[in-house]
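Colleague: Compute the structure for the input listed below.
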Amino acid sequence: MISQIVILTGGLGTRLRSAVKDIPKPMAPICGKPFLEYLVSLLKENGFKRFLFLTGYKSEVIKNYFHNGKKFGVKIDYVREEKLLGTAGAIFNAWEKLDDEFILINGDTFFDIQYEILLDFLYFRNVESLIVLKYSNNVSRYGFVEINDDYKVVKFIEKGKLPENYIDGYINGGIYYFRKKALKKYYNDYKGKNVSLENAIFPFLVKDRKLYGLPMGGEFVDIGIPKDYRNAQKLIPEILREERKPALFIDRDGTIIEDDGYIYGTNLVFKKEAIELMKKAENEGKLIIIVTNQAGVAKGKFTEKDSIMTTEYIIEYLNKLGVKINAYYYCPYHPEGIINEYRKISLLRKPNPGMILKATEDFRIDLKNSIMIGDNAKVDKIKLFGLKSYIINNS
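Modeller: So this is what the prediction gives:
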């Protein structure tokens, strides 16, 4: 059973200096409390109560605020690095205080994942090392991580080098899991040195096929630059006040309405069983969210505006029947499209989980108790650990 949370708090935070001075970045105030306190609160909410802070720059500021953690209902221990050692170097510096397995978290990012899903994945797979991944369509700011169908990391793509026909990808979510034995040989090679997990250790783990990458949903806040730090002032307290709710994700064409191929407009046939299913889900307290591939846009069958108008007509029609749709997401891209703008490879296109992951950013969704319903096993069985997918039999 994993019980130790290790948080990297030792960086200099130079990019944030124009907004926050003379304190470690994790202590940057958010509505009067340090960012790090919100992080501890989130982890405590997920059942973790034992922490190891890896400190460095102005270590005493952190220690004088949190002490042994008793005031916050947790237990906190500390290891200080006397010189900058990098992410891996900080771990190796704390080697003697690490459990046999632990979760490592960046001290300047807040990723509101459902930890019970992560723990389920670790329980069912023989995992020695893992990165939690976040969906992103910000191709200019981050490097991307490519995984295979078995959730193994196969490649890291440097910032700005995503192939032109891709519009999105997975980024490092700043949460990791390690068994100590997976890092032992690197500890022997690098202890006492300044070394990065991302640049020095992960390439070896990928080469040995020992690094998993698990896409997860949830709001992501990175306070690394002043603009995002300002946004965090409002966003983080709001996230923690919101209750998680399960959702019914439902396909549109062939599931809510009959599908005779590239359908759009208002001449639609609604399926009674889907309407009853959505009413039942609403009564159970679930959010109802439409997720639909709209390859017809990329293939020139109709425009993106046509697709949006059709979906909004469906939502209005369902509303009159007493079914409230909370949101809808669509993917207009297809790798074999004839419209250049939409001839793209995208994680939004089902069975990839991009639309689901976007929804979990917009709503605080209890994904473990959510379900996906569709009519096509090839696209509606979503490739996302923790989400159950069901196919309606149309025969």
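
Colleague: so what's the closest residue in space to Leu235 that isn't next to it in sequence up against?
Modeller: Excluding the flanking residues, the one nearest Leu235 by Cβ to Cβ, 6 or more residues apart in numbering is Val221, at 5.8 Å. (C-beta placed from N, C-alpha, C; glycine too.) By Cβ atoms under 8 Å, 6 or more residues apart in numbering, the contact set of Val221 is 109-111, 228, 231-232, 235-236, 239.

Colleague: all helices for the protein, in order.
Modeller: For the chain, the helices defined by DSSP state H occupy 35-45, 59-66, 86-93, 115-124, 180-190, 202-207, 226-241, 272-283, 295-298, 304-320, 354-362, 377-380.

Colleague: Check what contacts the last one and list those residues.
Modeller: What that stands for is helix 377-380. By Cβ under 8 Å, 6+ apart, helix 377-380 touches 251, 255, 293, 349-351, 372-374, 389, 391.

Colleague: Tell me the one among those residues nearest to Ala182.
Modeller: If you rank the contacts of helix 377-380 by distance to Ala182 using Cβ to Cβ, Pro351 comes first, at 30.1 Å.

Colleague: ok, the closest one - contacts?
Modeller: With contact taken as Cβ under 8 Å, 6+ apart, Pro351 is in contact with 378-383.

Colleague: The same query, at a cut-off of 7 Å, please.
Modeller: By Cβ atoms under 7 Å, 6 or more residues apart in numbering, Pro351 lies in contact with 379-383.

Colleague: ok, back up a step: most neighbours among the contacts of Val221, which one is it?
Modeller: Within the contacts of Val221, Phe110 tops the neighbour count with 25 neighbours, counted by other Cβ atoms under 10 Å.

Colleague: partners of that residue in the sheet?
Modeller: Residues in a beta bridge with Phe110, per DSSP bridges, are Val221.

Colleague: shift numbering so it begins at 792
Modeller: With the count now opening at 792, the last piece we talked about shows up as Phe901.

Colleague: what's around the closest residue in space to Ile1054 that isn't next to it in sequence, how many residues?
Modeller: Among residues not flanking Ile1054 along the chain, Asp1044 sits closest, at 5.6 Å (Cβ to Cβ, 6+ apart). By other Cβ under 10 Å, 24 other residues sit near Asp1044.

Colleague: can you list the helices of the chain in a markdown table and add distance to Gly1128?
Modeller: Output for those, formatted as a markdown table (distance: least, Cβ to Cβ, whole Å):
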| stretch | distance to Gly1128 |
| --- | --- |
| helix 826-836 | 40 |
| helix 850-857 | 51 |
| helix 877-884 | 40 |
| helix 906-915 | 33 |
| helix 971-981 | 42 |
| helix 993-998 | 32 |
| helix 1017-1032 | 33 |
| helix 1063-1074 | 28 |
| helix 1086-1089 | 3 |
| helix 1095-1111 | 12 |
| helix 1145-1153 | 17 |
| helix 1168-1171 | 16 |
